[in-house]
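K.L.:
predicted model follows, preceded by the sequence.
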Amino acid sequence: MVPDKQPITDDAAGKITRVEELAYELSVGEVMTKKVFTLRPDQTMREALDDIKKHRISGAPVAVDGNLLGILSIEDLIRSLRDGRIDLTVADYMTTNVITARKEDQVVEALKLFVKSNVGRLPVLDSSGVLVGVLTKGDITDGLLKALQTDYEAEELIRYRASHLFEDIVSDRSTLTLRYSVKKDDFSRGGAASNNIKKALLRLGATPQIARRCGIAVYEAEINLIIHTNHGGMLRVEIEKDRITVEAYDDGPGIPDITLAMQPGYSTASQAIREKGFGAGMGLVNIKSCVDEMNLTSSPERGTSLFMVMHLEKTRHTSI
Amino acid sequence: MKISQILEISEGTMLTPNADLDTDILGGFAGDLMSDVLASIQPESVLITGLSNPQVIRTALIADVRVVIFARGKQPAPETIKLAVEERLPVITSELGLYEISGRLLQNGLPSFEKRMLHAFDRD
C-alpha cells in the first residue's frame, strides 16, 4: 500500500533514510504492545480511575472477550469527575467511535493515523476484528530502534563471515573464484581488476602484505593482457584457505623466447605504450618476485597462459 | 615526514580535497615506468612521477603508496583526480621537476625507497 502516488526520483530515493524504509517494512503487529490492559464496560468510573492509576497509563481500550467496544481516556475520567458522576459506568463515558489500526498495517500507516487523529494510542485488531494489542508512538520508536540494532548486528555478522569464510565452510576443498575479463588496449581501466582483487583479499582477511604481493602480480598480468592480447584476456583468481592461484590467459601472438622475456628490462612494447608508463620489461620479473610458483606457457597458436600460486600458510619474507 | 611537510617542500598544490595531511610517509620513489615502481617501492611512501594518467593512481594503490606527486606542473585529467578522491589517495601537483623534488625531500631526511637493481629482488 503506497499512500502517496508521487513518483520517487533517484535523488529522493537516495535521501530515504533507513528509518523511513523500516516504517514501510515493519508491521504494526511487530511493534505493538501485545499484553493489553483492558477495561470492562460495566465497571464504574471510580474503579476505572483506580485501575488506570495502578497501571500508570493514560487510557485503555474497553473490551469484552477481545471484542473492542470503545476506549477510555484520562479526558473521559476528568469529565466524569467534573460532572460528579464517578459512579456511572465506563460504558457511559467511553468513546465508542474508536480509531483502530490493523495488525498487518505498515507502521507508516499507523504514523499517519497518529498525525491525522491526534490520539495517544491505537487499539490494534487482527483480521477477524479481535483486539490483539495497543500501539503508542513510544512503541513505534522502540520498534524502529530494535530493528536498527538488528540491522547493525546483521552487518557485523556479514563482516565477520567475510573474514572467516574459509574457517566456516567445512569441505574437503573450498575455493572462491573471481573472474575478470580484460580488453585489449583498455589502458584507462588498467589496474582496475587487480585493485578489486586486492580489496577482495583484504575483506576476506588476508594480511596487507599478502594482498599487496598478490595485487602486484595480478596487476602486472593484467597490464600484459591489455598490451598483448588480440581480442581479450581473462584473469582467474582462485582463493583457498592456504593458497591463492592466479591464471591469466590471452590469445595474443605468444612469446617466442620465454627465457629472454624473463630478463629484467626486456620488452617488446611500443614507444606509445612506454609513454603511458608501461612496457618497462619488468612485468614478469615483478610477478616472479611476488609469487611462490610461476609457470608460463606460450605458443603462437594458443597464445600465452600464465599460472601463479601464492602460499598463505607459511610466512615468507620478501622484498616486495 | 608528514604529507603537509612534503606539500611544503615540493611547493606543491593538493589536488584531492579529502587528503589527510597528517599521514606519515616513510620514504620516496621517483619514476615514470609503473613496473619499475612496483619492482622497488615499499609501502607508506611518496611516488613522484612525470605521468598523470589514472593508471598511476591504480599502481600507487596496488603498491600501498600513501601520496603521489605529479612533477613539472602536470595537471592530471579529471578522471585521474576522481579516482584518487574515491580511493582516498592524496595527489599533489608541483611545478618542480623529478630531480628537484626528490633532491629536496632527500635533503630534508626522507629516505629513498629505490633499490639498486641488482638487489631489487633480494628477499630480506
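P.N.:
Right, received. Where do you want to start?
K.L.:
quick one: low-confidence parts of the stretch 1-150 of chain A?
P.N.:
Filtered on pLDDT under 70, the stretch 1-150 of chain A yields the residue ranges A:1-17.
K.L.:
quick one: B:G97 from B:K74, how far?
P.N.:
The gap separating B:G97 from B:K74 is 11 Å, by CB to CB, to the nearest Å. Where C-beta positions appear, they are placed from N, C-alpha and C, glycine not excepted.
K.L.:
around chain B, which positions in the stretch 101-250 of chain A sit nearby?
P.N.:
Selection of the stretch 101-250 of chain A residues close to chain B by CB under 8 Å from any CB of the partner chain yields A:187-188, A:190-192, A:194-195, A:198, A:208, A:212, A:215-216, A:219-220, A:223.
K.L.:
now flag whichever of those is closest to chain B.
P.N.:
Using CB to the nearest CB, A:G191 comes nearest to chain B of these, at 2.8 Å.
K.L.:
which element is the residue of chain B found nearest chain A on?
P.N.:
In chain B, the residue that lies nearest chain A is B:R58 (2.8 Å; CB to the nearest CB). B:R58 belongs to helix B:54-62 when assigned by DSSP states H and E.
K.L.:
longest single helix anywhere in chain A?
P.N.:
The longest helix of chain A (DSSP state H) is helix A:137-163.
K.L.:
gap between that one and the chain center?
P.N.:
11 Å (CA atoms, centre = their mean, to the nearest Å).
K.L.:
equivalent analysis for stretch A:86-95, please.
P.N.:
Distance, stretch centre to chain centre, for stretch A:86-95: 52 Å (CA atoms, centre = their mean).
K.L.:
in it, what counts as buried?
P.N.:
A:86, A:89-91, A:93-94 (16 or more other CB atoms under 10 Å in any protein chain shown).
K.L.:
returning to what we had before: just the buried residues of the longest helix of chain A, please?
P.N.:
Buried, per 16+ other CB under 10 Å, within helix A:137-163: A:139-140, A:143-144, A:147.
K.L.:
now swap in stretch B:66-81 and tell me
P.N.:
Neighbour counts over stretch B:66-81 (16+ other CB under 10 Å) mark B:66-71, B:74, B:76, B:80-81 as buried.
K.L.:
measure stretch A:261-272 end to end?
P.N.:
Counting by CA to CA, to the nearest Å, you get 20 Å between the two ends of stretch A:261-272.
K.L.:
for residue 100, what are phi and psi?
P.N.:
No chain was given, so I picked chain A. Here the main-chain torsion angles of A:T100 (degrees, to the nearest 10) amount to phi -120, psi 160.
K.L.:
surely the residue of chain B closest to chain A meets A:G190?
P.N.:
Yes. If you go by CB atoms under 8 Å, B:R58 and A:G190 touch, sitting 6.6 Å apart.
K.L.:
other residues contacting the helix or strand bottoming out on mean pLDDT in chain B?
P.N.:
Of all helical and strand segments in chain B, the minimum by mean pLDDT, DSSP states H and E falls on helix B:34-40, at a mean of 83. The contact list for helix B:34-40 (CB atoms under 8 Å, 6 or more residues apart in numbering or on different chains) reads A:216, A:219-220, A:223, A:277-278, A:280-283, A:285-286, A:289, A:320, B:29, B:31, B:47, B:49, B:55-56, B:59-60, B:62-63, B:113-115, B:120-121.
K.L.:
can you pull the pLDDT of the residue at minimal distance from the centre of chain A?
P.N.:
Nearest residue to the geometric centre of chain A (CA atoms, centre = their mean): A:E155, 6.2 Å. pLDDT for A:E155: 72.
K.L.:
so who does the residue nearest the centre of chain B touch?
P.N.:
In chain B, the residue lying closest to the centroid (CA atoms, centre = their mean) is B:L47, at 2.0 Å. Residues in contact with B:L47 (CB under 8 Å, 6+ apart) are B:28-31, B:37, B:41, B:56, B:59-60, B:63, B:65, B:67-69.
K.L.:
you'd agree it is in a strand?
P.N.:
Yes. Counting by DSSP: H, G, I helix; E, B strand; the rest coil, B:L47 is part of a strand.
K.L.:
measure stretch B:73-89 end to end?
P.N.:
19 Å.
K.L.:
which outside residues touch it?
P.N.:
Under CB under 8 Å, 6+ apart, the answer for stretch B:73-89 is A:188, A:195, B:15-18, B:50-54, B:56-58, B:60-61, B:65-68, B:70, B:90-91, B:93-95.
K.L.:
ditto for stretch A:63-76
P.N.:
The contact list for stretch A:63-76, computed with CB under 8 Å, 6+ apart, reads A:38-41, A:45, A:48, A:52, A:58-62, A:90-91, A:93-96, A:98, A:100, A:120-121, A:123, A:125, A:129-132.
K.L.:
contacting residues around the closest residue to B:L26 other than its chain neighbours?
P.N.:
Closest residue in space to B:L26, ignoring its immediate chain neighbours: B:E44 at 4.6 Å, by CB to CB, 6 or more residues apart in numbering or on different chains. B:E44 makes contact with B:24-27, B:64, B:66 under the criterion CB under 8 Å, 6+ apart.
K.L.:
picking that back up, out of the contacts of stretch A:63-76, which are inside strands?
P.N.:
Among the contacts of stretch A:63-76, DSSP state E puts A:59-62, A:121, A:123, A:125, A:131-132 in strands.
K.L.:
which residues sit in contact with B:D20?
P.N.:
Here B:D20 is in contact with B:3, B:90 (criterion: CB under 8 Å, 6+ apart).
K.L.:
sorry, back to before: could you dump the contacts of B:E44 into JSON lines and include pLDDT?
P.N.:
What follows is the contacts of B:E44, written out as JSON lines (pLDDT from 0 to 100):
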{"residue": "B:D24", "pLDDT": "93"}
{"residue": "B:I25", "pLDDT": "95"}
{"residue": "B:L26", "pLDDT": "94"}
{"residue": "B:G27", "pLDDT": "94"}
{"residue": "B:D64", "pLDDT": "91"}
{"residue": "B:R66", "pLDDT": "95"}
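K.L.:
buried among those? Make that a ChimeraX selection.
P.N.:
ChimeraX command restricting these to the buried ones, with burial defined by 16+ other CB under 10 Å:
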select /B:25,27,64,66
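K.L.:
want to try CSV for the contacts of B:E44, with secondary structure as columns?
P.N.:
Formatted as CSV, the contacts of B:E44 follow (three-state DSSP):
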residue, secondary structure
B:D24, strand
B:I25, coil
B:L26, coil
B:G27, strand
B:D64, coil
B:R66, coil
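K.L.:
widest-spaced pair of the contacts of B:E44?
P.N.:
Taking CB to CB, the two most distant members of the contacts of B:E44 are B:D24 and B:D64; they sit 13.1 Å apart.
K.L.:
where in chain B is pLDDT low?
P.N.:
Looking at chain B by pLDDT under 70, you get B:116-124.
K.L.:
how about the helices in it?
P.N.:
Going by DSSP H, chain B shows helices at B:3-9, B:34-40, B:54-62, B:78-86, B:98-107.
K.L.:
now the second one - C-alpha only, PDB.
P.N.:
Pointing back at helix B:34-40 there. What follows is helix B:34-40, C-alpha atoms only, in PDB (Å, rounded to 0.1, in the frame of the first residue of the first chain):
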ATOM      1  CA  MET B  34      55.000   1.600 -13.500                       C
ATOM      2  CA  SER B  35      56.700  -1.700 -13.400                       C
ATOM      3  CA  ASP B  36      59.800   0.000 -12.100                       C
ATOM      4  CA  VAL B  37      57.700   1.500  -9.400                       C
ATOM      5  CA  LEU B  38      56.300  -1.900  -8.400                       C
ATOM      6  CA  ALA B  39      59.700  -3.500  -8.500                       C
ATOM      7  CA  SER B  40      61.200  -1.200  -6.000                       C
END
